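Chemist: Prediction below, plus the sequence it came from.
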Amino acid sequence: MIAVDARLNAYRTGGIATYTRELLNGLAKLLAPTALTVLEHRKAAQPTSTHFRRRTVWTPPHHRLERWALGAEAALGRFELLHSPDFIPPAFGAKRFLITVHDLTFLHYPETLTAESRRYYNQQIEWAVRRADHILTDSYSSKNDIVQMLDVLPQQVTVIYGGAHPRFRPLPASEVKTQLQRLGLPSEYILHVGTWEPRKNLDRLCTAYQQVISTLPDAPPLVLVGRAGWNFEAVRQRIDALNLPSDCLIWRSDIADEDLPIIYNGAYCTVTPSLYEGFGLPALEGMSCGCVPLVSNRSSLPEIVGEAGITFDPENPSDIAAALQRILTNETLRQEKRTAAIARASQFSWDQCAAQTLAVYQMLLPQPIMTL
């Protein structure tokens, strides 16, 4: 009856792949195994969900002919509803189509994407929102963008927040200390988690950090956890030109996903200086671990962190530095924000996301869905 396109999960683990995986895990607690089929690419090493039926497809994600090739493969399943978590639905292959538009980075900041990615999203997004019977998105900020920039009716868009996995939680200090030693990390640090790409604004963060250590030489080091993404070379050159000491700026591309709860627990605070985010999952994961979020005053980030966060202008390194100095020099404020962060994070969950998504599925379908 229902199909979810999980082809991207054969190629990536974070971002949209995380959303798809956690959504399916939540739906598995609600739906009968026969109620939903997961469309998996043939190169997937393991299934995105072991609960639901799996249909192997050959069409790779982001292929120039995928609208038609995936449509032909999906048509064999005779689906009532096909959910595309990666923005673009097939041209046919089901009676109804639901898409998730996570953000409009490619319209706001096209220069931060590769030419190939710009073509894929920019040339198809207007067609996609017209083709879809309904649209999901991750924040009211993104909904406003979709309505205003793509001329979509507000009632055609439903906001459903994502969540953080339950493993993201405060951990005992003794365990954190031991695991940080295993990972070769200092006992305290300022943390950024995310793909290293222009939109993440890491050059301005590092410039701000240089200002911080000029006045607070004993400030914790800045740890950047992630991997290099598209168009990062020029950003890395600007950061290297700052000549920050190697014990102050630590790049870590080798942190396993299962170690992220430890990484967040060990951090003094997290910093998300992105120019644009559709949701901001690292900020939420950090809050779930009791880590105070410092975030851009742009897009969805203030919406997600609420009163638990400290905001700054991401295009002003001095403003970023001021936010860092504020939290580094006021332990009372940090503890207040830590308590608020844990409380704020408890309002988000993947189970809630799955239940609300299921309600949209049912809204679009003429017959009741088989639940557990």
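Modeler: Yep, it's here. The structure presented is a predicted model; accordingly, all values stated were derived computationally and were not measured.
Chemist: what comes into contact with stretch 157-172?
Modeler: 19, 22, 134-140, 142-143, 146-147, 258, 260-262, 264-265, 279, 281, 284-285, 287-290, 304, 342, 345, 348-353, 356-357, 360 (C-beta atoms under 8 Å, 6 or more residues apart in numbering). In short, each C-beta sits where N, CA and C put it, glycine included.
Chemist: In ChimeraX, select just the buried ones from those.
Modeler: The ChimeraX command for the buried members of the contacts of stretch 157-172 (criterion: 16 or more other C-beta atoms under 10 Å) is given here:
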select :19,22,134,135,136,137,138,139,142,143,146,147,260,261,262,264,265,279,281,284,285,287,288,289,290,304,342,345,348,349,350,353,357,360
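Chemist: which residues of the stretch 151-300 of the chain fall in strands?
Modeler: 157-159, 189-193, 222-225, 249-252, 267-272, 293-296 (DSSP state E, counting those that start in this stretch).
Chemist: Now those strands in TSV, please, with extra columns for mean neighbour count, mean pLDDT and distance to Leu107.
Modeler: Compiled in TSV, the strands of the stretch 151-300 of the chain are given as follows (neighbours: other C-beta atoms under 10 Å; pLDDT from 0 to 100; distance: least, C-beta to C-beta, whole Å):
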stretch	mean neighbour count	mean pLDDT	distance to Leu107
strand 157-159	19	98	15
strand 189-193	24	98	25
strand 222-225	22	98	27
strand 249-252	17	98	30
strand 267-272	25	98	21
strand 293-296	27	98	18
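Chemist: Between the ones you listed, which one is closest to Leu39.
Modeler: Ranking the strands of the stretch 151-300 of the chain by proximity to Leu39 (C-beta to C-beta) places strand 157-159 first, at 21.9 Å.
Chemist: Tell me how far the closest residue to Pro198 other than its chain neighbours lies from Ala256.
Modeler: Closest residue to Pro198 apart from its sequence neighbours, by C-beta to C-beta, 6 or more residues apart in numbering: Thr112 at 4.0 Å. Relative to Ala256, Thr112 is positioned 27 Å away (C-beta to C-beta, to the nearest Å).
Chemist: Check Ala359 too.
Modeler: Counting by C-beta to C-beta, the gap from Ala359 to Ala256 is 35 Å.
Chemist: swap in His62?
Modeler: For His62 relative to Ala256 (C-beta to C-beta), the value is 26 Å.
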